[in-house]
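Participant: predicted coordinates and the sequence they were generated for:
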Amino acid sequence: MNLTRMSANPADWSLTDQVGAMKTGTLTAVDLAEATLKRIEARQPVLNCFIRVDEEGTRAAAKAADARRETGEPLGPLHGAPLAHKDMYYRKGVPVTCGSEIRRAFVPDVTATVLEKLDAAGALHVGALNMSEFASGPTGHNEHWGTCRNPWNPAHITGGSSTGSGSSVGGRLVAGSLGSDTGGSIRLPAGICGVYGIKPTQGRVSRHGVMGLSFSLDNVGPLARTARDCARILTAIAGPDPKDTTALPVPAEDYEADIDAGVKGMTIAIPETFYFDDIDPEVAKAIDAVIAAYESQGANIVRVTLPHHDVIDGLGSIVSAAEQCTIHDHWQRTCPEKYAPLIRARMMAGYGVTAVEYLKAMHLRSRIASDVAAAAFGGAQVMLAPTVRFPVPTLEEMDVKDSPNMPEALGRVNHSTRPINYLGFPGLSVPCGFTASGLPIGFQLIGPAFSERMLFRFAGAYEAAVGLPDALPDLP
Amino acid sequence: MTQPSITRAALAADQKVAVSDADADRIERAMTGARVALEKVLTDTLFDTEPAHFDRYQIVTGTTGAAK
């Protein structure tokens, strides 16, 4: 099964279908690049998902990709695939804004390891994507570069902070994108824009040359339209990196390897604690259908009670606040007016954390993660939870700025994603249909450290049960 | 017990960063949950803790365990 049959326009195809067609010669990289640039031209005015489009570079790279095929050179797993990334991945000599005013004219002198790996895999880079300012904020508002919009209804949020990644992949402008996830910033836009997105295990992917927000919670990972697309990009970027000692010395795996292996006899844990609290009935019904789909594939379901979830959010807040504040301390002192009020206000919290509190919260992470892993994965391969517990809100509803209720309003959005960053586990958001009003619903597959291959196996089994996502957004 | 609303705002102000009343209130509310979390969970001493467990990158290599 593939997405190729659904549209004559290759910009609508899955990444792996695009690459497959280019490798066999039924599609050229130049034709795909032109289709992609035309799609961006038509939809960018509606979605505002790009900060910069590199038309000239894209055309040149596509031409070079076609030349490689014609001369019989080995072709990479992402041969000719036009990607675009959150504007926080550094490439030497190319401006990168981090979605901010402060870094509007910043030009890095290093190239991110993940970009070098994508280059080696044959990917094209179409441009830089919109994002929440400095990757802070789960909604999609950006006062400097304009608000990014949901491809399924532009009046609604994209989720953040990888706003342009969710919008551009869901809107069929590009087939894959790198986002970053500190409290849900890959999984939220994935779930809210109807695509796949994985936050890998803490330390699974190098962060060299990537803007930092919270150095012990940040993760690099892909968003894409199918499980296989997402797995292919992760396979290309995962693994140790001598330039980043926090990228753990665990060899990368082929994350596509088990996608078709099925889950018969395997077990899914459903948490009775925290993740489903106050869930909207429409979202709950969709998750029930997911569970039924897994049962139809022969998976077993167990209900589990998880420890520590009354404190994880508080401890995670200590870590997140202190680390963000540390990174931004210089600018908070020298040019606070250059931040949007929402972002400045969020980053102020770290000034109220003591060193002893931070070190206690950090020390407890490994112990708490071990307890949660034992409860969740002692008798199951993965845990399943909603990505967001309620239907996608409008931009207006979530435009809280620095109002007094801001922390609580934003906290509702990333309620089910934030704990996973503190715990260090991998989490994969999978699309599972739409609300009655036509907005996407997503669920998370969560596993123990370095279980990404297993997460994609479960995602593949869900696709096998219900079919690949085939709806197209109603856009120009 | 100390009055955290005074302590948190003072802590921020002592760091010579511009802190408005609204900032101080927000910091206090944001950190209330954190303080309560620490009070709930810290029941034993960290005196005999191995140095590596304070390393911020021991999160998954510590005791979490790998995939089955």
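Facilitator: Looks like it came in fine.
Participant: so where does the closest residue to chain A within chain B fall, helix or strand?
Facilitator: Taking CB to the nearest CB, chain A has its nearest neighbour within chain B at B:A37, 2.8 Å off. C-beta coordinates here come from the backbone N, C-alpha and C atoms, glycine included. In this structure, B:A37 sits in helix B:21-41 according to DSSP states H and E.
Participant: need the pLDDT of residue 12.
Facilitator: Assuming you mean chain A. Note for A:D12: predicted pLDDT of 95.
Participant: could you do chain B instead?
Facilitator: So B:A12 comes in at 80 (pLDDT).
Participant: so what's the nearest residue to A:L439 once chain neighbours are set aside up against?
Facilitator: Among residues not flanking A:L439 along the chain, A:V392 sits closest, at 4.1 Å (CB to CB, 6 or more residues apart in numbering or on different chains). For A:V392, the contact set (CB atoms under 8 Å, 6 or more residues apart in numbering or on different chains) comprises A:N150, A:W152, A:N153, A:H156, A:I157, A:G159, A:I192, A:T435, A:L439, A:P440.
Participant: A:A369 and chain B, how far apart?
Facilitator: 4 Å (CB to the nearest CB, to the nearest Å).
Participant: cool, A:H308 as well?
Facilitator: For A:H308 relative to chain B (CB to the nearest CB), the value is 7 Å.
Participant: what helix or strand does that residue sit in?
Facilitator: Per DSSP H and E: A:H308 is located in neither a helix nor a strand.
Participant: got the contact list for it?
Facilitator: Residues near A:H308 by CB under 8 Å, 6+ apart: A:I368, A:D371, A:V372, B:V41.
Participant: returning to that earlier point: which residues touch the helix holding B:A37?
Facilitator: Here helix B:21-41 has contacts from A:308, A:310-315, A:317-318, A:321, A:345, A:348-349, A:351-353, A:357, A:360-361, A:364, A:368, A:402, A:404, A:406-407, B:4-5, B:8-9, B:12-13, B:19, using CB under 8 Å, 6+ apart.
Participant: and what of stretch A:65-78?
Facilitator: The contact list for stretch A:65-78 (CB under 8 Å, 6+ apart) reads A:15, A:19, A:22-23, A:25, A:28-30, A:79-80, A:118, A:120-124, A:232-233, A:235-236.
Participant: tell me how far that stretch is from the chain's mean position?
Facilitator: 28 Å (CA atoms, centre = their mean, to the nearest Å).
Participant: which single residue in the stretch 151-300 of chain A comes nearest to chain B?
Facilitator: A:S216 (4.5 Å).
Participant: how about the secondary structure of that residue?
Facilitator: Classification of A:S216 using DSSP: H, G, I helix; E, B strand; the rest coil returns coil.
Participant: that one: neighbour count?
Facilitator: Residue neighbour count, defined by other CB atoms under 10 Å in any protein chain shown, stands at 22 for A:S216.
Participant: which residue packs closest to A:L32, ignoring adjacent ones?
Facilitator: Once chain neighbours are set aside, the closest to A:L32 by CB to CB, 6+ apart is A:P10, at 5.2 Å.
Participant: check contacts around the one you found.
Facilitator: Counted by CB under 8 Å, 6+ apart, A:P10 has contacts A:Q18, A:A21, A:L27, A:D31, A:L32, A:A35.
Participant: check A:A376 too.
Facilitator: So A:A376 contacts A:A269, A:P271, A:V304, A:L306, A:M383, A:I446, A:P448 (CB under 8 Å, 6+ apart).
Participant: 7 Å - rerun?
Facilitator: Counting by CB atoms under 7 Å, 6 or more residues apart in numbering or on different chains, A:A376 touches A:A269, A:P271, A:V304, A:L306, A:M383.
Participant: among the residues you listed, which are located in helices?
Facilitator: Filtering the contacts of A:A376 for membership in helices, criterion DSSP state H, returns an empty set.
Participant: reformat those residues as JSON lines; add distance to A:P476, pLDDT and neighbour count.
Facilitator: Putting those into JSON lines (distance: CB to CB, whole Å; pLDDT from 0 to 100; neighbours: other CB atoms under 10 Å in any protein chain shown) gives the following:
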{"residue": "A:A269", "distance to A:P476": "43", "pLDDT": "98", "neighbour count": "24"}
{"residue": "A:P271", "distance to A:P476": "41", "pLDDT": "98", "neighbour count": "21"}
{"residue": "A:V304", "distance to A:P476": "46", "pLDDT": "97", "neighbour count": "18"}
{"residue": "A:L306", "distance to A:P476": "45", "pLDDT": "96", "neighbour count": "20"}
{"residue": "A:M383", "distance to A:P476": "40", "pLDDT": "98", "neighbour count": "26"}
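Participant: if we look at chain B, which of these are close to it?
Facilitator: Among these, proximity to chain B is found for none (CB under 7 Å from any CB of the partner chain).
Participant: tell me the contacts of residue 11?
Facilitator: As the question left the chain open, I've gone with chain A. By CB under 7 Å, 6+ apart, the neighbours of A:A11 are A:A35, A:T36, A:R39, A:R172.
Participant: not what I meant, chain B
Facilitator: A:Y351, A:G352.
Participant: a strand runs through it, doesn't it?
Facilitator: No. Read with three-state DSSP, B:L11 is helix and lies in no strand.
Participant: if I look at it, how far off is B:K40?
Facilitator: Between B:L11 and B:K40 the distance is 21 Å, computed by CB to CB, to the nearest Å.
Participant: now the helix or strand bottoming out on mean pLDDT in chain A: buried residues?
Facilitator: Between all helices and strands in chain A, the lowest mean by mean pLDDT, DSSP states H and E belongs to helix A:406-413, at a mean of 82. Buried residues in helix A:406-413, counted by 16 or more other CB atoms under 10 Å in any protein chain shown: A:M406, A:P407, A:A409, A:L410, A:G411, A:V413.
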